[in-house]
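Novice: Below is the structure, and that's it, no one-letter string:
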């Protein structure tokens, strides 16, 4: 798979934690210069992150910036994989960041009602945009909702906007309870059903749960293999022996399932 399945956040003012995150089995690490760092430590966090990104690492390193002022210190560093841009509300926000960080992949975070309304225009604001995702904590606070199901509509809107813009399916927002792994799995399963792909974690123990939730089941793999095999034997639309109708879109989905199934096992 080209798109990461697991992301792991680490606070930028804790270089020791960042190094541990880089050694963890996540597909990408997000160094946070925003909410995870106290205001008094943000200058140190930026300097430590710039030092870290002076060289490349085993996995891509994304940085969630705190302000546009962070960009000059990071752009051009060989270890910078992408910038995560928080609190984007308009396409103009992303165009401004793209001018400050030429050539750097951008991932806007949609964290307000206005951002959700503008999801598609943000997703198509600039060629540097490589994905969009939703920031649920801030959005939940703005909307005044407690039950997670109240965010199903905004979540679906972001999924549709991403796919309409030709971007990968967005990853889910972080799950804040690092102890309740059963609830994390259930939440991931729900997100997968909504069209999300993968998730950001805030603790390494969440990674295998996310991985397991998004991997296809043996039954899904078997069904996908049947579809791909049948499609290889015939051209155009076809019907399987059980009466299911198969077209090009279903074949593509089956191929996607098998690609994900071939992903290296989680260590």
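Specialist: Done, it's in. Since the model is a prediction, treat every value here as computed from it, not as a measurement.
Novice: Can you list the buried residues in the host helix or strand of residue 154?
Specialist: Assigned by DSSP states H and E, residue 154 belongs to helix 152-164. For helix 152-164, a neighbour-count test (16 or more other C-beta atoms under 10 Å) marks 154, 155, 157, 158, 159, 161, 162 as buried. Every C-beta, even on glycine, is put in place using the N, C-alpha and C of the backbone.
Novice: Who are the packing partners of that helix?
Specialist: Of the remaining helices and strands, those touching helix 152-164 by 3 or more C-beta pairs under 8 Å, 6 or more residues apart in numbering; DSSP states H and E are helix 113-117, helix 119-123, strand 133-134, helix 181-194.
Novice: Out of those, which is the most enclosed?
Specialist: Highest mean neighbour count of the helices and strands packed on helix 152-164: strand 133-134, a mean of 24 (counted as mean count of other C-beta atoms under 10 Å).
Novice: neighbouring contacts of the helix or strand following that strand?
Specialist: Where DSSP H and E defines the elements, the next helix or strand beyond strand 133-134 is helix 136-143. Defining contact as C-beta atoms under 8 Å, 6 or more residues apart in numbering, one finds that helix 136-143 is touched by 87, 110-113, 115-116, 146, 150-151, 154, 173-174, 176.
Novice: now those residues: which count as buried?
Specialist: The buried subset of the contacts of helix 136-143 - by 16+ other C-beta under 10 Å - is 110, 111, 112, 115, 116, 151, 154, 173, 174.
Novice: any idea what sits nearest residue 124, other than its immediate chain neighbours?
Specialist: residue 165 (4.8 Å; C-beta to C-beta, 6 or more residues apart in numbering).
Novice: mind checking pLDDT for that neighbour?
Specialist: pLDDT for residue 165: 98.
Novice: The one 4 residues further on now?
Specialist: Turning to residue 169, the model gives it a pLDDT of 95.
Novice: For it, give me phi and psi.
Specialist: phi -60, psi 140 (degrees, to the nearest 10).
Novice: wait, what's in contact with it?
Specialist: Per C-beta under 8 Å, 6+ apart, neighbours of residue 169: 3, 159, 162, 163, 195, 196, 197.
Novice: Tell me who's in contact with the first one.
Specialist: Read that as residue 3. Neighbour list for residue 3: 131, 168, 169, 197, 198 [criterion: C-beta under 8 Å, 6+ apart].
Novice: From residue 197, how far off is it?
Specialist: 6 Å (C-beta to C-beta, to the nearest Å).
Novice: picking up where we left off before, now render the contacts of residue 169 as a markdown table, adding distance to residue 121.
Specialist: Shown next, in a markdown table, are the contacts of residue 169 (distance: C-beta to C-beta, whole Å):
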| residue | distance to residue 121 |
| --- | --- |
| 3 | 22 |
| 159 | 16 |
| 162 | 13 |
| 163 | 15 |
| 195 | 20 |
| 196 | 21 |
| 197 | 22 |
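Novice: What is the nearest of those to residue 23?
Specialist: residue 3 (21.9 Å; C-beta to C-beta).
Novice: Pretty sure the closest one sits in a strand.
Specialist: No: per DSSP: H, G, I helix; E, B strand; the rest coil, residue 3 lies outside any strand segment and is coil.
Novice: For residue 91, find the nearest of the helices and strands packed on helix 152-164.
Specialist: Closest among the helices and strands packed on helix 152-164, using C-beta to C-beta: helix 119-123, at 4.5 Å.
Novice: Report the distance from that closest one to the chain centre.
Specialist: 16 Å (C-alpha atoms, centre = their mean, to the nearest Å).
Novice: buried residues in stretch 222-232?
Specialist: So, applying 16+ other C-beta under 10 Å, buried residues of stretch 222-232: 223, 224, 226, 227, 228, 230, 231.
Novice: how about residue 107, phi and psi?
Specialist: phi -130, psi 90.
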